[in-house]
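need coordinates for the below:
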Amino acid sequence: MTSSICPQCGSTRIEARELGKKAGSAIGAVAGAASGAAAILSGAEAGATVGALAGPAGALLGGLAGALMGGLFGGAAGCAAGSAVGEALDESILGNRQCLDCHYTFTAPAPAQ
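Numbering: from 1, shown residues only. Next up, the predicted model:
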C-alpha cells in the first residue's frame, strides 16, 4: 500500500501496479542472457582451464559451470537494468497506481525530496 489518495473517489486504498518494472525486468533478463553468449564462451573456456587440474572430467564440469555462470551473470545484469528502466517508466509515464475501491488507474506524483 502507498499513502496516495485516489483522485477519482478519494479512497486511500491504493496499490502500486509496477507494470513497467515487471515488463522491464523480464525483457532485460532475456536480453542480458542473450548478450551473455560471449560471456558463456569465455566462462566455459575459463572453467575448463581451471577444471583441467582435476583431469578430463574436471575440464568438462568446469566448462559447464563456467558457461552457466556466464549466462546467469548476463541475465542478472540485464534484469537489473530492465527493472530500473521499467521503474522510471512507471513513475513518469504509466498509470502506476490503482484504486482498490473504484479501480481507477493514475500516476502518483513523485515524493518530495
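
the residue lying closest to Ile27 once chain neighbours are set aside: neighbour count?
Distances taken as CB to CB, 6 or more residues apart in numbering place Gly82 nearest to Ile27, at 5.2 Å, with adjacent residues excluded. Quick note: C-beta positions are derived from backbone N, CA and C, even for glycine. As a burial measure, Gly82 scores 23 neighbours (other CB atoms under 10 Å).

so which elements touch whichever strand or helix holds Gly82?
Here Gly82 sits within helix 56-92, counting by DSSP states H and E. Packing contacts for helix 56-92, counted by 3 or more CB pairs under 8 Å, 6 or more residues apart in numbering; DSSP states H and E, involve helix 19-35, helix 37-51.

where does this structure dip in pLDDT?
For the chain, applying pLDDT under 70 flags the ranges 1-3, 37-44, 90, 92, 94-95, 109-113.

against Ala46, how distant is the closest residue to Asp101 other than its chain neighbours?
Of all residues beyond its chain neighbours, the one nearest Asp101 is Ser11 (4.1 Å), with distances taken as CB to CB, 6+ apart. Summarising the geometry, the distance separating Ser11 from Ala46, computed by CB to CB, to the nearest Å, is 56 Å.
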